[in-house]
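Engineer: okay, predicted coordinates and the sequence, questions at the end:
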Amino acid sequence: MSVVFALATPPAKSAICVFRVSGHGCLDKIKQITGCELKRARTFYLRSFLDAGGGVIDNVGVVFFKGPNSYTGEDSFEVYAHGSLGVMSLIVDVFKGLGFDEAPPGEFTKRAFLNNKISLNEAEAVVDIIDSSSRESVYLSSKSLSGTFTDLVVGFSKKIDFLRMGVEGEIDFSDEGEDFLDGALVGGLKKIVVDFSLFVDGCVNKKHYSSKNKVLFVGPVNSGKSSVFNRLLGFERALVSSVAGTTRDLVESELFYSDASFSLLDSAGIRETDDLIESRGISIALEQIEGADVVVGIFDSFDKNVLNKFSKLTKGKKYLTVYNKLDLGPPNQEVFDCLVSAKTGEGFGELKNKLASFFKVFDRSDYSFLVRDRHISLFNSSLKCLKDALLKIEEGGGLELVAEDLRLARGFLDEVVGVKTSDSLLGDIFSNFCIGK
Ligand SMILES: Nc1nc2c(ncn2[C@@H]2O[C@H](COP(=O)(O)OP(=O)(O)OP(=O)(O)O)[C@@H](O)[C@H]2O)c(=O)[nH]1
Ligand SMILES: [Mg+2]
């Protein structure tokens, strides 16, 4: 395979940037890059990084790994340089000049999989941990990454193989036309159906787990929606002004709080208006209610009609009413769920807690592993085959058919760990990675 390189850190100004290089022959080039030979693998060397003419670009850290004892399983090295855009661009030029190719997304992990360093589901867990937006999903992904999940799947595969060997044995020894299965094998099959069902129940689909908790702010104009939104985020994301109708477009930002991440959406204040742009903004706000998980109504006064109108607009969604501008005085009715002042910050601890309480946090012990649609579908197919095998035995079906069901059940599990995987599936999986991973 060709030598590939990639920037593993974001292409932005930072203290340090890290480049990865992998592929046969790449270690021979280190001398050219640093002007000297590095003796020991896995040792951090401080060296000069030289351009093609021998000019010093930067003082960098270099570590090399000798395959197969590397992430990719190939000879590889990493360069830790100062994180300036100029340095990054010059290093890229040097690598290109040496004939290295820019790595496509996921190339390093793909090579690790192809070189049997990790299973396919472990490669997928690498993406999951990078994508993790909550603490819980970090723990769930790291469990898959550590190999526990693979061990369990491989363990089930071995048990299925063992049962199939038993069934095949019975086929060889059974009297002509008389199919009979040893009670221990039947018991074994029943047990694996139960254990495997429990395991599948213990997996949670990444799609549901990582879906963003959408919190939409609505309310009359000038009630302080954008101010509350900004105060929650801790910075001035949305424009605030005393002019009614300031917010037109939808403004979105992420908030991480209490083990979960939220997607906060500030919207245009709702009122009757002749302004075309403002009324379009109001329509967008109303459309967003449908897709929101929680709607937060922000008000700066008590008006029964206005409150009723907003309550109706939320169409049965989870709804929190917030009275803002508490610093100017409390509301004249105690009907609000939360009282805050975006100006002073009063009441925001309670508001955040109330928001977080709307979202169920998965219990790590209930949901043991984070899986994808691909895994769920393979698990269900495998479980169906196991159940079919059991049914056939109980109904006195042919042992050949039972053996075939077990073979199929095992095959689906092979696909989970990537024993047999099509090139197009690999393409789909690895194209979702970041560059440099
Ligand atoms: N005293 C006081 N003023 C506030 C508070 N929150 C917002 N304001 C003021 O109220 C005015 C409107 O604030 P915004 O945050 O722009 O209100 P909005 O609901 O987003 O307004 P639109 O986008 O126009 O619908 C501004 O002048 C803010 O400074 C508060 O807690 N106390
Ligand atoms: Mg606003």
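Structural biologist: Looks like it came in fine. Please read these numbers as outputs of a predicted model, since none were measured by experiment. Ligands and ions are numbered 1, 2, ... in the order given.
Engineer: how about the strands in the stretch 51-200 of the chain?
Structural biologist: Ranges of strands within the stretch 51-200 of the chain are 56-65, 76-83, 101-102, based on DSSP state E, counting those that start in this stretch.
Engineer: the longest one pairs with which strands?
Structural biologist: Taking DSSP bridges as the criterion, strand 56-65 sits next to strand 45-50 (antiparallel), strand 76-83 (antiparallel) in its sheet.
Engineer: can you add mean pLDDT, distance to ligand 2 and mean neighbour count and give those back as CSV?
Structural biologist: (C-beta placed from N, C-alpha, C; glycine too.) What follows is those, written out as CSV (pLDDT from 0 to 100; distance: least, CB to the ion, whole Å; neighbours: other CB atoms under 10 Å):
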stretch, mean pLDDT, distance to ligand 2, mean neighbour count
strand 45-50, 97, 49, 16
strand 76-83, 98, 36, 21
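Engineer: local confidence estimate at whichever residue of the stretch 201-350 of the chain sits closest to ligand 1?
Structural biologist: Of all residues in the stretch 201-350 of the chain, G269 sits closest to ligand 1, at 2.4 Å by CB to the nearest ligand atom. pLDDT recorded at G269 is 82.
Engineer: what's the lengthiest helix in the chain packed up against?
Structural biologist: When the chain is parsed with DSSP state H, its longest helix is helix 148-173. Packing partners of helix 148-173 (3 or more CB pairs under 8 Å, 6 or more residues apart in numbering; DSSP states H and E): helix 120-131, helix 183-201, helix 399-417.
Engineer: for ligand 1, what are the nearby residues on the stretch 251-400 of the chain?
Structural biologist: Within the stretch 251-400 of the chain, the positions near ligand 1 by CB under 6 Å from any ligand atom are 269, 324-325, 327-328, 341-343.
Engineer: what's the closest of those residues to ligand 2?
Structural biologist: Distance to ligand 2, by CB to the ion, is smallest for G269 among these, at 6.1 Å.
Engineer: now the strands paired with strand 56-65 as JSON lines including distance to L189?
Structural biologist: As requested, the strands paired with strand 56-65 are exported to JSON lines (distance: least, CB to CB, whole Å):
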{"stretch": "strand 45-50", "distance to L189": "57"}
{"stretch": "strand 76-83", "distance to L189": "45"}
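Engineer: where does pLDDT dip in this structure?
Structural biologist: Within the chain, the segments meeting pLDDT under 70 span 173-181, 208-212, 259, 360-367, 421-422, 424-426, 429.
Engineer: how does it divide up, domain by domain?
Structural biologist: Domain ranges of the chain: 4-114, 122-202+368-417, 213-357, per automatic domain parsing.
Engineer: how distant is the second one from the center of its chain?
Structural biologist: For domain 122-202+368-417, the distance from its own C-alpha centre to the chain's C-alpha centre is 25 Å (CA atoms, centre = their mean, to the nearest Å).
Engineer: likewise for the first one?
Structural biologist: Its chain's C-alpha centre lies 27 Å from the corresponding centre of domain 4-114 when counted by CA atoms, centre = their mean.
Engineer: gap between the two ends of that domain?
Structural biologist: By CA to CA, to the nearest Å, the extent of domain 4-114 from end to end equals 15 Å.
Engineer: before we move on, what about the second one?
Structural biologist: Across its full length, domain 122-202+368-417 reaches 8 Å end to end, with CA to CA as the criterion.
Engineer: swap in the last one?
Structural biologist: Using CA to CA, the span of domain 213-357 from its first residue to its last is 12 Å.
Engineer: can you give me the helices for the stretch 201-350 of the chain?
Structural biologist: Taking DSSP state H, counting those that start in this stretch as the test, the helices found in the stretch 201-350 of the chain are 206-209, 225-233, 276-291, 304-313, 348-357.
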